[in-house]
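**Q** Got a predicted structure here, sequence first:
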There are 2 protein chains.
Amino acid sequence: MPDILIIGGVAAGLSAASRARRLAPAARITVLERGPEAGYSACGLPYFLAGRVQRLEALRAHPPEFFREQRQLQLLTGHQAMEIEPGRRRVRARGPQGDAWFAYDRLVIATGARQRWQPTPGLRNVFSANTWEQVRELDAALRAGGLRRVAVVGGGYIGLETATALAERGLDVVLVHAHADLLRGFEPELTAGLAGRLAAAGIELHLATRVLGLEGAQGGRVLGLETASGAIACDAVVNCGGLRPESRLAAAAGCVLGGNGAVAVDERQQTSVAGILAAGDCAETRHRVTGAAVWAPLGAAANKQGRVAGENAAGCGPGRPARFPGVRATLAVPLAGQEYGRTGLSLEQARAAGFDAAALTVEAASRAGYMQPEAISCRLVYQPSTGRALGVHFAGAPGTLAGRLDTAAAVLTAGLRLEEIEMLDCAYSPALAPLYEPLLIAAHNARRA
Amino acid sequence: MPDILIIGGVAAGLSAASRARRLAPAARITVLERGPEAGYSACGLPYFLAGRVQRLEALRAHPPEFFREQRQLQLLTGHQAMEIEPGRRRVRARGPQGDAWFAYDRLVIATGARQRWQPTPGLRNVFSANTWEQVRELDAALRAGGLRRVAVVGGGYIGLETATALAERGLDVVLVHAHADLLRGFEPELTAGLAGRLAAAGIELHLATRVLGLEGAQGGRVLGLETASGAIACDAVVNCGGLRPESRLAAAAGCVLGGNGAVAVDERQQTSVAGILAAGDCAETRHRVTGAAVWAPLGAAANKQGRVAGENAAGCGPGRPARFPGVRATLAVPLAGQEYGRTGLSLEQARAAGFDAAALTVEAASRAGYMQPEAISCRLVYQPSTGRALGVHFAGAPGTLAGRLDTAAAVLTAGLRLEEIEMLDCAYSPALAPLYEPLLIAAHNARRA
């Protein structure tokens, strides 16, 4: 039985540990988590901030005792991995009682992501919202009172989720985004109405506004943001700026990184260094539509990659070695009363990848016309020369997107052509689904185009 | 330009006519519909009976004038086709002004289905609920008052939709079903709770009860049902007994029928007789999982088959000749506060088709655990020897099934294996969808089994 060591105890790390435990009941499995908490849903943090989830503990998949006692994992929170010695197969970690070395036969690196922009240190009321402890700190400051006008920096989906959550909580929210378009990577045609929705939700928008620095008062409180177009006053700042892979530890151990800075891995999640695997937001993956190595930090993929890494670390999965086949970057996010979803490529991404791509949008219905349907916009990106679908994008009312997006992801996974998509036998029942699903109408129109 | 004649003006027939018109703007296109109304949603009839749709006219895709004026169709309601002369390429139809012959170059037969059981003629308050005029008649009788206790005969999905609709309308409903299990063809494990749900909705159930005949009073009113286990009193009967394909006209014209009594067609919806196509509930289709010819009368397939028949009747579709690839018999139905859905084969069907099939059920969640998820049962039928998925079945709370079932249909269409299904990158967002979709959990468990 191998000794398995895992750096990182959130999505990928604990998935790896749990899967390894199931396959190798007698292995020694140790998880080093630098934060105070392991095995929680990072994607759920905005729901806690919004007040829709009452206790942070509700975001735990299981309490720590479950992992320690039921899963027999040596789960060490508050332990920051400092150094990997691949030659001696050991890791130095700094814990509450100082530094210690941990030996391994197989190491899984699941160090996640870090933020590109690091605000001025030392100023009070400057927060992030990516981890349990960051959100607990932000929540405590908000509960303490005195913070009324909060600037959220970053208009990607994490920034937008955080901004709408804080607005829902009753704060005055200012959203500052470096680019003119929100939710980049989604099809601009479908997100065109988003700025208006956010404004209607009471959020003050500053688009195409790059943050140059922070303004602070004597005593160390933040007073506002310095931007190229002037100062924006606020009581607090939440930094939701761009993420990059936290791959520094792996790189120092000799693991090859991809051009995007993430740890390069094969389908088995193995890095270039013998005995070291990587999974989750620190690692690259394969984009199934382009075939290219990409960095696509998403929760569901992180969990699956962790599972594959855990299986291969244990070295005894059922049948063939476990493989993570890659992603289509499927992503759904509800924002200000609308759901936005995407899978595969945007038109811009498809053209950048060299496809002779086209796109069209259909406005369709979630149910039969006489059953008070919700409106759904579906944008299909495809290759006219081959009839291949490259990407599917949706915007729709709450409750309309989840399964539809998965259907599109399955269609892309299978490489179905337009004429096959058009004939897909989707469920039809007047109160549940329309005679022709939006995706089928889009495929039909694309075939005629 | 060919003269195109279509027998039947509901789902398949009007789809064929509309598609032919689009491709052949100058063709003469005639539709013979025996009923008083064309181009309505037969699947919506229960919602009108329930009172959720206020006017029968709301079930029209378009009013008749639209088809006549905008689509330039010669749409003749009240015209019953009596005879086809394939040698002279003409059809005799009986209309309000007597019999007339209609010439064709291409004929599309879309005569739909008829009911196997025909109740005693001449008795009053005996109804069916399959067509516009049948439902209008039933609704008028119910509005006239005096009918309190209504017996619905048939526990398939049409009978169950009708029974729950009438219960929702406030009537005392008795459901009489010849078999012990409701909703046959669905996985019994998932429909086990259905009888209890119907009873809780106030429906009196008589299962395993075969109707032998009707009891009538002097004056011709129905008084009850005669069954093998005694009489069941009622004020009215709604016959939702089993359907069979209405293929008599096609058979008389020399069209080969399949073993199930439906008109045999190829992928282009062409029958064995030159110049004659067939589509919708009167025709066979290919089951994509077994490869066998089946009779699977479902609205969405009828519309698509009609489209294909119309395209081939016009003889000038885009690219290759239009083909209908077959079905996986995807079906969803909401009943008594629960949604039931299936695609592909049940375990019993899979074994009957010669597969070494197994099945397992998972109880899973519609969203993240901390977002008040709904429960979803997912039963996966698969072939352990090949890792092939053969059928997917769901039962879940309202709003949980439609897209999930489509994802399963796409997975079956693509022939994805368990290990691919397990790694499908479905959308994950706490309020929208769980980290692991029920289908992915089922595939994971099946691979481990």
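**A** Alright, I've got the coordinates.
**Q** Report the separation between residue A:221 and residue A:174.
**A** 16 Å (Cβ to Cβ, to the nearest Å). Yep, even glycine has a C-beta here, placed from its N, CA and C like the rest.
**Q** So these two - more neighbours on which side?
**A** Using other Cβ atoms under 10 Å in any protein chain shown as the criterion, residue A:221 and residue A:174 rank with residue A:174 on top: 22 against 16.
**Q** helix or strand right after the strand or helix carrying residue A:409?
**A** Per DSSP states H and E: residue A:409 is located in helix A:402-414. Note on helix A:402-414: by DSSP H and E, the next helix or strand toward the C-terminus is helix A:418-422.
**Q** what's next to that following helix, contact-wise?
**A** Residues outside helix A:418-422 that contact it (Cβ atoms under 8 Å, 6 or more residues apart in numbering or on different chains) are A:382, A:387-389, A:411, A:439-440, A:443-444, A:446-447, B:319, B:323, B:325, B:413.
**Q** Can you get me the centre-to-centre distance for stretch A:165-176 and its chain?
**A** 21 Å (Cα atoms, centre = their mean, to the nearest Å).
**Q** all helices of chain A, in order?
**A** A:11-23, A:45-50, A:64-65, A:132-144, A:157-168, A:188-191, A:194-200, A:248-252, A:299-314, A:347-352, A:402-414, A:418-422, A:438-448 (DSSP state H).
**Q** And the contacts of the fourth one?
**A** Same thing as helix A:132-144. Contacts for helix A:132-144 (Cβ under 8 Å, 6+ apart): A:35-37, A:40, A:42, A:45, A:48-49, A:56, A:59, A:125, A:127-129, A:147, A:169, A:171, A:236, A:238.
**Q** can we see that at 10 Å?
**A** A:10, A:34-38, A:40-42, A:44-46, A:48-49, A:51, A:56-57, A:59-60, A:115, A:124-129, A:131, A:147-148, A:150, A:162, A:165-166, A:169-171, A:235-236, A:238-239 (Cβ atoms under 10 Å, 6 or more residues apart in numbering or on different chains).
**Q** same check, this time on the shortest one
**A** For helix A:64-65, the external contacting residues (Cβ under 10 Å, 6+ apart) are A:9, A:33, A:36, A:37, A:38, A:39, A:73, A:75, A:77.
**Q** can I assume the fourth one is in contact with residue A:60?
**A** Yes: Residue A:37 is in contact with residue A:60 according to Cβ atoms under 10 Å; the separation is 7.6 Å.
**Q** quick one on the thing from earlier: would you mind listing which of the contacts of helix A:418-422 are buried?
**A** Burial by neighbour count, 16 or more other Cβ atoms under 10 Å in any protein chain shown: within these this picks out A:382, A:387-389, A:411, A:439-440, A:443-444, A:446-447, B:323, B:325, B:413.
**Q** Output these in JSON lines; the columns should cover pLDDT and distance to residue B:15.
**A** JSON lines is the format used below for the buried ones among the contacts of helix A:418-422 (pLDDT from 0 to 100; distance: Cβ to Cβ, whole Å):
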{"residue": "A:382", "pLDDT": "98", "distance to residue B:15": "24"}
{"residue": "A:387", "pLDDT": "96", "distance to residue B:15": "22"}
{"residue": "A:388", "pLDDT": "96", "distance to residue B:15": "26"}
{"residue": "A:389", "pLDDT": "97", "distance to residue B:15": "23"}
{"residue": "A:411", "pLDDT": "96", "distance to residue B:15": "23"}
{"residue": "A:439", "pLDDT": "98", "distance to residue B:15": "19"}
{"residue": "A:440", "pLDDT": "98", "distance to residue B:15": "13"}
{"residue": "A:443", "pLDDT": "98", "distance to residue B:15": "16"}
{"residue": "A:444", "pLDDT": "96", "distance to residue B:15": "12"}
{"residue": "A:446", "pLDDT": "97", "distance to residue B:15": "19"}
{"residue": "A:447", "pLDDT": "91", "distance to residue B:15": "16"}
{"residue": "B:323", "pLDDT": "94", "distance to residue B:15": "15"}
{"residue": "B:325", "pLDDT": "94", "distance to residue B:15": "16"}
{"residue": "B:413", "pLDDT": "92", "distance to residue B:15": "21"}
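**Q** Could you export those residues as JSON lines, including distance to residue A:3?
**A** Formatted as JSON lines, the buried ones among the contacts of helix A:418-422 follow (distance: Cβ to Cβ, whole Å):
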{"residue": "A:382", "distance to residue A:3": "49"}
{"residue": "A:387", "distance to residue A:3": "51"}
{"residue": "A:388", "distance to residue A:3": "46"}
{"residue": "A:389", "distance to residue A:3": "45"}
{"residue": "A:411", "distance to residue A:3": "43"}
{"residue": "A:439", "distance to residue A:3": "48"}
{"residue": "A:440", "distance to residue A:3": "52"}
{"residue": "A:443", "distance to residue A:3": "51"}
{"residue": "A:444", "distance to residue A:3": "56"}
{"residue": "A:446", "distance to residue A:3": "53"}
{"residue": "A:447", "distance to residue A:3": "56"}
{"residue": "B:323", "distance to residue A:3": "57"}
{"residue": "B:325", "distance to residue A:3": "52"}
{"residue": "B:413", "distance to residue A:3": "45"}
